[in-house]
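Asker: Everything below, folded, please.
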Amino acid sequence: MIYMSQKIKTITVYASASSRISPVYFEAAGKLGKLLAEHSITCVNGGGIRGLMAAVTEAVLENGGNVCGVIPLFMYNNGWMHPSIQEIIITPDMHSRKQTMADKSDACIALPGGVGTLEELLEIITWKQLGLYQNPIVILNTAGYYDDLLAMLEKADREKFIHSPVAVWQTAATPEEVLDLILNQLQPEEKSLEYIPI
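Answerer: The predicted model follows:
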């Protein structure tokens, strides 16, 4: 397969909407937002007004960057949209929200989060295994948050429940490592839709 470098212009960030979590997660989220702005990378996220989603949004904007918030209509109507986001995409439902976020991204980053973030992360991993998503996926494992999930995925791989000829996701301990992985990663020139058992 021929490989070529891909210019990363837009990154989708999955992240928690909880505001009751440790400051260590907010610190990492803010640092990531600052780095995205410094690299002129547009941040696509769920557009939320709370939690790590908001922390990334605010750090991007404070450092002169751009944010695109993708939010379902029912959340928008409930006032859950961050008011400072420049670009807003309102989707009819959660499914189309996830599809839109994937379609707009040159890469995906998963910050720590709850069941919604876990669902987004595992779905984009599934899409990549099936050849439906071609771009980098990086898990930001702040303070070892994802250690148990990564151990479960490793077990699934050992037990042959997961099979893929390529690395489907990568992990990083810091925002700096995340950007280094994404910006230096090579992308396949040709897309493959060959079925890969999940």
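Asker: What are the boundaries of the strands in the chain?
Answerer: 3-5, 10-14, 42-45, 67-72, 87-91, 107-110, 137-140, 170-172, 186-188 (DSSP state E).
Asker: Pick out the shakiest of those, pLDDT-wise.
Answerer: Comparing mean pLDDT over these, the weakest stretch is strand 3-5, at a mean of 37.
Asker: what's the closest residue to residue 116 other than its chain neighbours in contact with, if anything?
Answerer: Spatial nearest neighbour of residue 116, chain neighbours left out: residue 17 (7.3 Å); criterion: C-beta to C-beta, 6 or more residues apart in numbering. (C-beta placed from N, C-alpha, C; glycine too.) The contact partners of residue 17, taken as C-beta atoms under 8 Å, 6 or more residues apart in numbering, are 46, 48, 50-53, 113-114, 116.
Asker: Okay, now the unreliable bits of the chain?
Answerer: 1-6, 165-166, 185-198 (pLDDT under 70).
Asker: residues near residue 104, how many?
Answerer: Residue 104: 17 surrounding residues under other C-beta atoms under 10 Å.
Asker: I'd say it and residue 68 touch.
Answerer: Yes: with contacts counted by C-beta atoms under 8 Å, residue 104 reaches residue 68, the gap being 6.6 Å.
Asker: and for those two, which residues touch both?
Answerer: 10, 44.
Asker: picking that back up, can you redo the contacts of residue 17 as CSV with distance to residue 129 and neighbour count?
Answerer: Listed next are those as CSV, based on distance: C-beta to C-beta, whole Å; neighbours: other C-beta atoms under 10 Å:
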residue, distance to residue 129, neighbour count
46, 23, 30
48, 28, 22
50, 31, 14
51, 28, 24
52, 26, 30
53, 26, 28
113, 21, 24
114, 23, 13
116, 21, 16
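Asker: and of these, the nearest to residue 144?
Answerer: Closest to residue 144 out of the contacts of residue 17 is residue 113 (14.7 Å), distances taken as C-beta to C-beta.
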